[in-house]
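In: here is my input, please return the structure:
(one chain, ligands or ions: 2)
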Amino acid sequence: MTAPILITGAGQRIGLAIVQHFVANNQPVVMTFRTRHSVIDELEQLGVHCMQIDFNEPDSVTRLQAKLHTHYSALRAVIHNASSWDCEANNPNFDTLFDNMMRIHAKIPYQLNLALANLLQASSSTSDIIHLTDYVVETGSPKHIAYAASKAALDNLTRSFATKFAPKIKVNAIAPSLIIFNEHDDEQYKAKTLSKSLMGIEPGCEEIINSIELLLRSNYITGRTIPVDGGRHLK
Ligand SMILES: NC(=O)C1=CN([C@@H]2O[C@H](COP(=O)(O)OP(=O)(O)OC[C@H]3O[C@@H](n4cnc5c(N)ncnc54)[C@H](OP(=O)(O)O)[C@@H]3O)[C@@H](O)[C@H]2O)C=CC1
Ligand SMILES: Nc1nc2c(c(=O)[nH]1)N=C([C@H](O)[C@@H](O)CO)CN2
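Out: Ligands and ions are numbered 1, 2, ... in the order given. The predicted model follows:
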C-alpha cells in the first residue's frame, strides 16, 4: 500500500485543494485541520484521514506524532501548509504575535520534521518534506513583520533539513506571493495586489499543486525553493 502524504492545516483553501488533488489521483492522504469546516465530513467519506489538531495547544505535536505512528509505518511526504497570516496592526501585543508566528511557521515544522523523520525514512521511495514559505522571505514585509520573519526561519530550515536528511528525504520550499485572495479582500486591495506582479493575475491553487508535483517527481531537487510569484521580484 502506498504510504500517505501528510498535509497540515488542510481544512480550507490551498491545503484543501492539495488534499482534493491527491484524492482525485488515488494518493492516500492524512491531513490536519483546526476548525471542522463542513468539507471535513466529505473528505472523511472519501477515505481521507482527518485529524483535528490546533498547533497552539502545548501537546499538539506529541499527539500528532503518536497518532501517525499508531496508524502508519511510513509517510511518502509531509507538506507544511498550516499558517496564520497575522499582522502587527491586528495585534496590540507584539510579543504574543511574534511567538504565535514563530510557533506555527517555524517551531511546529521543526518539531514535526524531527518527529516524523523515521516514517519518511521508511518510505519505499525517496520521500519529501515541503515547506510553504512566502515571497516576503526575500523582501521582508513592513505590515507583516513577525509573519515574514517566521517564514524566513522556515526557509532556513529547508536547507538545514535537506542536508541532515539527504539522500533519502528531499526537503524543499515553495515561496508563493498572491495565490488566492481572502473573502474579505476588497476591490481596492485586489487591484493593488494584482499590480505587484508582472503577470497581474490571481493564479489559483493549481500553481501550488503543480509545484508540489514537480518536487514529488524529482529525484534530484533538494534544499531549494520554487518561487511561485508571477514575476513580482521584477516589478
Ligand atoms: N493564499 C495565498 O495567496 C498565499 C499563501 N501562502 C502560504 O500558503 C499556505 C496556504 O495558504 P492559505 O490556504 O491561504 O492559508 P490559510 O490562511 O487559509 O490557512 C491555512 C490553514 O492553516 C490553519 N491554521 C492556522 N493556524 C493554525 C494552528 N495554530 N493550528 C492548526 N492549524 C492552523 C487554518 O485553520 P483554520 O481553518 O482553523 O483557520 C487554515 O485552515 C500558507 O502557508 C500560506 O502562508 C503564501 C503566500 C500567498
Ligand atoms: N496563511 C496565509 N498566508 C498568506 C496569505 C493567506 O491568505 N494566508 N495571503 C497572502 C497574500 O496573498 C500575499 O501573498 C499577497 O498579498 C500571503 N500569505
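
In: now do the phi/psi pair for residue 180.
Out: phi -140, psi 140 (degrees, to the nearest 10).

In: quick one, helices of this structure?
Out: 13-24, 39-45, 60-71, 94-102, 108-121, 136-139, 145-165, 187-194, 206-217 (DSSP state H).

In: among those, which is nearest ligand 1?
Out: Ligand 1 lies closest to helix 13-24 among the helices of the chain, at 3.2 Å (CB to the nearest ligand atom). C-betas here are computed from N, CA, C, even on glycine.

In: rewinding a little: nearest to ligand 2, of the helices of the chain?
Out: That would be helix 187-194 among those, by CB to the nearest ligand atom, at 4.6 Å.

In: interface residues of this protein facing ligand 1?
Out: 9, 11-15, 34-35, 53-56, 81-85, 104, 132, 134, 176-180 (CB under 6 Å from any ligand atom).

In: tell me the confidence at the residue nearest in space to the middle of the chain?
Out: Geometric centre of the chain, nearest residue: residue 81, 1.9 Å, by CA atoms, centre = their mean. On the pLDDT scale, residue 81 is placed at 99.

In: now do residue 61
Out: 98.

In: for residue 1, same thing?
Out: 75.

In: OK, contacts around it?
Out: Residue 1 sits next to residue 28 when contact means CB atoms under 8 Å, 6 or more residues apart in numbering.

In: hang on, the earlier thing: the residue nearest to the centre of the chain: what's it in contact with?
Out: So residue 81 contacts 7, 8, 9, 10, 14, 15, 18, 132 (CB under 8 Å, 6+ apart).

In: list only buried entries from those.
Out: 7, 8, 9, 10, 14, 15, 18, 132 (16 or more other CB atoms under 10 Å).

In: so who does the last one touch?
Out: For residue 132, the contacting residues are 14, 79, 80, 81, 83, 173, 174, 176, 208, by CB under 8 Å, 6+ apart.

In: what's around residue 40, how many residues?
Out: Number of residues near residue 40 (other CB atoms under 10 Å) recorded here: 19.

In: among the helices of the chain, which comes closest to residue 227?
Out: helix 136-139 (8.3 Å; CB to CB).

In: could you give the mean pLDDT of the closest one?
Out: 98.

In: do stretch 12-31 as well
Out: 98.

In: check contacts around the closest residue to residue 199 other than its chain neighbours.
Out: Spatial nearest neighbour of residue 199, excluding adjacent residues (CB to CB, 6 or more residues apart in numbering): residue 230 at 3.6 Å. Going by CB under 8 Å, 6+ apart, residue 230 touches 177, 178, 197, 198, 199, 200, 201, 203.

In: what does stretch 108-115 rub up against?
Out: Counting by CB under 8 Å, 6+ apart, 8, 55, 60-61, 64-65, 78, 80, 82, 129, 131, 154, 157, 161, 165, 171 sit against stretch 108-115.

In: then that stretch to CSV, C-alphas only?
Out: Extracted in CSV, the C-alpha atoms of stretch 108-115 (Å, rounded to 0.1, in the frame of the first residue of the first chain):
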residue,chain,number,x,y,z
ILE,A,108,5.9,23.2,14.5
PRO,A,109,7.6,22.3,11.2
TYR,A,110,10.9,21.9,13.0
GLN,A,111,9.4,19.6,15.6
LEU,A,112,7.3,17.6,13.1
ASN,A,113,10.3,17.1,10.8
LEU,A,114,12.4,15.6,13.6
ALA,A,115,9.4,13.6,15.0
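
In: run the contact check for that stretch versus ligand 2.
Out: No. Applying CB under 6 Å from any ligand atom, one finds stretch 108-115 separated from ligand 2 by no less than 13.3 Å.
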